[in-house]
Structure formats: structure tokens, C-alpha cells
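K.L.:
Fold the following, please.
(one chain, ligands or ions: 2)
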Amino acid sequence: MTEPTNPEVLRDGLFGGARALVTGAGTGIGRAISLRLCALGMSVTGVARREAPLADTAELAAGLPGGFDFRTCNVRDTDAIEAIVAEAGEGGLDLLVNNAGGQFFAPATGISQKGWNSVIDLNLNAVFAVTKAAYPYLKARKGAVVSISLSGVDRGGMGLAHSIAARAGVLGMTRTLALEWAKDGIRLNCIGPGTVVTSGLADEAARQLLDNLVAATPMGEPTPPEDVAELVAFLASSAGRLMTGQLIQIDGAAHLGAGLHMLSA
Ligand SMILES: CCCCC/C=C/C(=O)SCCNC(=O)CCNC(=O)[C@H](O)C(C)(C)COP(=O)(O)OP(=O)(O)OC[C@H]1O[C@@H](n2cnc3c(N)ncnc32)[C@H](O)[C@@H]1OP(=O)(O)O
Ligand SMILES: NC(=O)C1=CN([C@@H]2O[C@H](COP(=O)(O)OP(=O)(O)OC[C@H]3O[C@@H](n4cnc5c(N)ncnc54)[C@H](OP(=O)(O)O)[C@@H]3O)[C@@H](O)[C@H]2O)C=CC1
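P.N.:
Ligands and ions are numbered 1, 2, ... in the order given. Take a look at the predicted model:
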């Protein structure tokens, strides 16, 4: 198969009447997830720090069967994000997508304590705060949580000690809450994308690193954000009703091969 294929396989109207909260919905993967959920009929509340990208997502969502509204917030501000989760949750919550995240590439010896704490706060502590705040609302609707992680989270990654530690923490949290909240009908899973070409990555990584990441992927191609979005929707759907506590890597076998984990910036 040489041509890119359309990953959209789920049926129109799948999520009519359902509601989601997506963090990091202003750009990249979070925007793709939000737009796909809206296309499938979900009402989505998006969160990010900057208003302009969120407004662009809202414009792109206009006319889709679901709806997109947004709140600006730093997910590291626990009080603020808990208030937003409560506000969104009062209207009903079927799906939480923990997508906001990121890091800088540096060897462990180049990561200051403040830098470590920043990445742990963003990629682990905020995810716990949001997920815990969402619990009563998810319980009321037997909802689902999908947390966006990294390919190779279970094997390490050069220059990513802080981020891998945080995402491994989220994976452990996901597996534990999958057990604790199974009785409530809440399912939690992680998705590990490979290299996704987004503005976030382009800003951060040298072009050479991006090329190297793709070249180190056994299937030889990056992961389109739309593929991640379809997987999120699948996991939220009744087709995923017995899937919980899992890490699903959508990375062209990057996690199996010589791998992204050996590359440094
Ligand atoms: C293995 C699969 C492939 C992986 C591909 C992954 C791709 C992506 O995830 S793309 C995601 C999209 N975007 C990003 O990752 C960028 C997001 N990054 C950030 O938002 C920030 O870097 C941050 C949240 C991680 C830190 O933000 P903040 O707390 O505002 O940072 P400060 O500027 O206040 O700095 C705090 C602390 O961190 C040190 N630091 C920052 N950058 C670096 C760096 N490049 N190298 C070393 N240290 C860095 C900074 O110096 C501060 O520490 P002190 O110097 O001790 O004060
Ligand atoms: N791109 C890639 O190759 C891969 C990415 N990932 C992960 O996928 C997720 C999305 O990445 P990607 O789409 O590439 O990144 P982008 O940088 O394109 O998007 C990140 C989104 O999160 C928001 N965000 C970042 N920090 C915060 C914060 N503190 N509070 C609230 N919102 C925040 C950003 O908006 P704003 O700046 O306005 O706050 C933006 O909407 C991240 O967790 C990333 O690490 C995983 C594997 C590979």
C-alpha cells in the first residue's frame, strides 16, 4: 500500500448527544481529536493556554454535527483546571482526553530540578488532577479516559528521562484506575503515537531530528494526527467497551525496532 489511506472508519452520528473534554485542543493531535469527535457528533470542550489556536479549532469545527467550545487554562494550575472540569462535567462527560503535554529534549545531566519538575507537572501531575476531577462525571455516564503518551514509553527514550518518567507514571496510573474504576464502568487507556508532525514538534525539534525519527520507524512514515484521532474515537466507542488499562502504540512499529528511543536531539 503506497498511498496514504483515510483512517476514518467509524460511522456518522456515533457519538450523538455525548460530551468530551480534550486538553491541548488548540493545535496538533488535540485539534485533530477534537475535530474528529465533533464530526462523529460529540460536543467537545477544548482546553489550552492560548485563545487564538482554540478559536481556530472552533472555526474548523463549525458546521460539524457536534459542537466545540473552549476554555483557556494552564493544566498545571490545579484549581483552574478542576473548575473547568467541574463546569464541563455538570453538562455530562463521556470522554476525557488527556492530550496537553510536551517536553524538551536534554540528556539527564542537562535537566535541572526545575526543568524536571516542569515536565512532571505537565505530563503527570496535571493528568492526575484532571482525571481525578473528572471521576464523578465519568462515573455518572460510564465514560472513558484516553491519555496521549509516547511510543516507547515502556522502554525508555534518549533525552527524555523526565517525559518518559512522567508518561510511565500515567501508564501506571491508567492501569491502576482501570482496576479501581472498573466497578463504575469507567475505562482508561493510553495511546503511544510515534512521530507526529505537528507545529509543536516542528518548533521543538531540528528538522534533522524529525527526519531521523521517521527514518528510524520500521514502517518508514510518521503517524498522522488523524490516525490518533480515529483510535481515540474507537476507544471511546462501544467497540472498545472491554478495552481498559492498555497502552496502544500507533507508531509504525517504532517501539519494536532499533527505535525512536535511541535518538537524541
Ligand atoms: C520518543 C518518541 C518521539 C517523541 C516526540 C515527541 C514530540 C512531542 O511531544 S511534541 C510536543 C509538543 N511540544 C513540546 O513538547 C514543547 C512543550 N514544552 C514546553 O511546553 C516546555 O518546554 C515545558 C513545559 C516542558 C517547560 O515549560 P516551563 O515550565 O514554562 O519552562 P521554563 O522555560 O520556565 O523552564 C523550566 C526549566 O526547564 C528548563 N528547560 C527548558 N527548556 C530546556 C532545554 N531545552 N534544555 C534544558 N533545560 C530546559 C529551564 O532552563 C528551566 O530550568 P532552570 O534553568 O533550572 O530555571
Ligand atoms: N508530535 C509528536 O511527535 C508526538 C506528540 N506526543 C504527545 O502528544 C501530545 C500532543 O502533542 P502535539 O499535538 O504534537 O503538540 P502541540 O504542541 O502541537 O500541541 C500541544 C497542545 O497542548 C496545549 N498545551 C501545552 N501545554 C499546556 C498547558 N500547560 N496547559 C494547557 N494546554 C497546554 C497547547 O496549547 P497552548 O500552547 O496554547 O497551551 C496545544 O494546544 C503531547 O502530549 C505530546 O507530547 C506524543 C508522541 C509524539
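
K.L.:
for ligand 1, what are the nearby residues on this structure?
P.N.:
Contacts of the chain with ligand 1, taken as Cβ under 6 Å from any ligand atom, map to 102-104, 106, 110, 112, 114-115, 118-119, 122, 150-152, 157, 195, 200-201, 204, 213, 260. Yep, even glycine has a C-beta here, placed from its N, CA and C like the rest.

K.L.:
Any stretches of this structure with poor pLDDT?
P.N.:
Residue ranges of the chain with pLDDT under 70: 1-4, 200-207, 259-261, 264-265.

K.L.:
Let's see that with 80 instead.
P.N.:
1-5, 198-210, 257-265 (pLDDT under 80).

K.L.:
quick one, helices of it?
P.N.:
28-39, 51-61, 78-90, 113-120, 126-141, 161-180, 199-204, 207-215, 225-236 (DSSP state H).

K.L.:
Please point out which parts of the longest one sit buried.
P.N.:
Going back to what we said before, that points to helix 161-180. In terms of neighbour count (16 or more other Cβ atoms under 10 Å), helix 161-180 has its buried residues at 161-171, 173-175, 177-178.

K.L.:
Identify the residues contacting L177.
P.N.:
By Cβ atoms under 8 Å, 6 or more residues apart in numbering, the contact set of L177 is T131, V145, I186, L188.

K.L.:
Next, the contact list for the nearest residue to R49 once chain neighbours are set aside, please.
P.N.:
In space, and not counting its chain neighbours, R49 is closest to N74: 5.2 Å by Cβ to Cβ, 6 or more residues apart in numbering. Each residue near N74 by Cβ under 8 Å, 6+ apart is listed here: R49, A80, I81.

K.L.:
Tally up the residues packed near the last one, please.
P.N.:
Same thing as I81. Neighbours of I81 under the rule other Cβ atoms under 10 Å: 22.

K.L.:
got the phi/psi numbers for the closest residue to it other than its chain neighbours?
P.N.:
Residue nearest to I81 in three dimensions, not counting chain neighbours: V75, with 5.1 Å by Cβ to Cβ, 6+ apart. Main-chain dihedrals, V75, degrees, to the nearest 10: phi -60, psi -10.
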